[in-house]
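Asker: Below are the sequence and a predicted model for it; my questions follow.
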Amino acid sequence: MSQGSSNTMTGSSSGASSGSSSGMGSSGSSGSASRQDVQQKVQDIKQNVQDLSSTARQVAQEQYETLRTNATDYIEQGRTRAMEMERSLESQIRDQPLKAVLMAAGFGLVMGVLWSRR
């Protein structure tokens, strides 16, 4: 009885060891294939990150140039408007000097009153 039970044990342990060794062999080769897959995926991810950073850099440069152009246009428009207002004001002062002096005096008076209340 003890021999039969040891035989069963040996049979089961040899079956388990042969199953695990064949599993080892296949997992070893699949392990290297898996490692290659992981390395390839890492390379793909690196390439994707480089592509994305390059694309982001290009988009940022384009946006910067667009904003710069728009800002320059707005500055020029503001300058032109200010010059037009200056010419208009000078023209009104030349056309109606007494009115301009009285308005300036009134403005000065209002500012002086407001300033003295502080």
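Answerer: Received the coordinates, thanks. Predicted, not measured: the structure shown is a model, and the values here were computed from it. Numbers count the residues shown, from 1 in each chain.
Asker: can you give me the strands in this structure?
Answerer: For the chain, applying DSSP state E gives no strands.
Asker: Next, name the residue at the spatial heart of it.
Answerer: Residue closest to the mean C-alpha point of the chain, counted by C-alpha atoms, centre = their mean, is Ala56 at 7.5 Å.
Asker: For Gln96, grab phi and psi.
Answerer: The phi and psi torsions at Gln96 (degrees, to the nearest 10) take the values phi -140, psi 80.
Asker: Check the gap between the closest residue to Gln92 other than its chain neighbours and Glu90 for me.
Answerer: In space, and not counting its chain neighbours, Gln92 is closest to Ala100: 6.8 Å by C-beta to C-beta, 6 or more residues apart in numbering. Glycine gets a C-beta too; all of them are placed from N, C-alpha and C. As for Ala100, its distance to Glu90 is 10 Å (criterion: C-beta to C-beta, to the nearest Å).
Asker: which one of those two has more residues nearby?
Answerer: Ala100 (15 against 11; other C-beta atoms under 10 Å).
Asker: Now do the same for that one: its pLDDT.
Answerer: You'll see Ala100 listed with a pLDDT of 92.
Asker: go on, the one 10 residues further on?
Answerer: What the model reports as pLDDT for Val110 is 96.
Asker: Which parts of the chain are helices?
Answerer: Under the criterion DSSP state H, helices of the chain are mapped to 2-95, 97-117.
Asker: ranking these by mean pLDDT, which is last?
Answerer: If you rank the helices of the chain by mean pLDDT, helix 2-95 sits at the bottom with a mean of 79.
Asker: The residue nearest to Gln92 touches Ile93, doesn't it?
Answerer: Yes - using C-beta atoms under 8 Å, Ala100 is in contact with Ile93, at 4.3 Å.
Asker: re earlier: relative to Val113, how far out is the residue nearest to the centre of the chain?
Answerer: 57 Å.
Asker: do Arg79 as well
Answerer: Distance from Arg79 to Val113, counting by C-beta to C-beta: 34 Å.
Asker: What of Gln50?
Answerer: Between Gln50 and Val113 the computed distance is 67 Å (C-beta to C-beta).
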